[in-house]
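>>> this is the structure alone, sequence omitted:
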């Protein structure tokens, strides 16, 4: 917020968006895409709910581990989506 206080009196308010406004919105969009991708990767790779209790009830050994390979696949896929967005924003 220090930038806001030092520049508030020097930058005029404009009725249209500037290049900086578009860049700021794009950066916010990329951060939100990364956040959504991380949430999807966790949801895909996490163990099922009550995995240990359900396995114990069925008389099996509980293999309730986080699936790193699935998370890596989702991270890579989502990273390519974010990269495509950034490249399309930079070109267009």
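Received it, and whenever you're ready, just let me know what you need. All values reported here derive from a predicted model rather than from experimental measurement.

>>> all contacts plus neighbour counts: C-alpha atoms, from now on.
Fine.

>>> any low-confidence regions in the protein?
1-11, 55, 59-62 (pLDDT under 70).

>>> which helices and strands sit right next to the longest helix along the chain?
Ranked by residue count and defined by DSSP state H, the top helix of the chain is helix 19-45. Applying 3 or more CA pairs under 8 Å, 6 or more residues apart in numbering; DSSP states H and E, we find helix 19-45 packed against helix 68-91.

>>> how about the helix it packs on: buried residues?
Of the residues in helix 68-91, 70-71, 74-75, 78-79, 82, 85-86 count as buried by neighbour count, 16 or more other CA atoms under 10 Å.

>>> with stretch 34-45 instead?
Buried residues in stretch 34-45 (16+ other CA under 10 Å): 34, 37-38, 41-42, 44-45.

>>> including distance to residue 22, could the residues you listed go into JSON lines?
Output for the buried residues of stretch 34-45, formatted as JSON lines (distance: CA to CA, whole Å):
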{"residue": "34", "distance to residue 22": "18"}
{"residue": "37", "distance to residue 22": "22"}
{"residue": "38", "distance to residue 22": "24"}
{"residue": "41", "distance to residue 22": "28"}
{"residue": "42", "distance to residue 22": "30"}
{"residue": "44", "distance to residue 22": "33"}
{"residue": "45", "distance to residue 22": "35"}
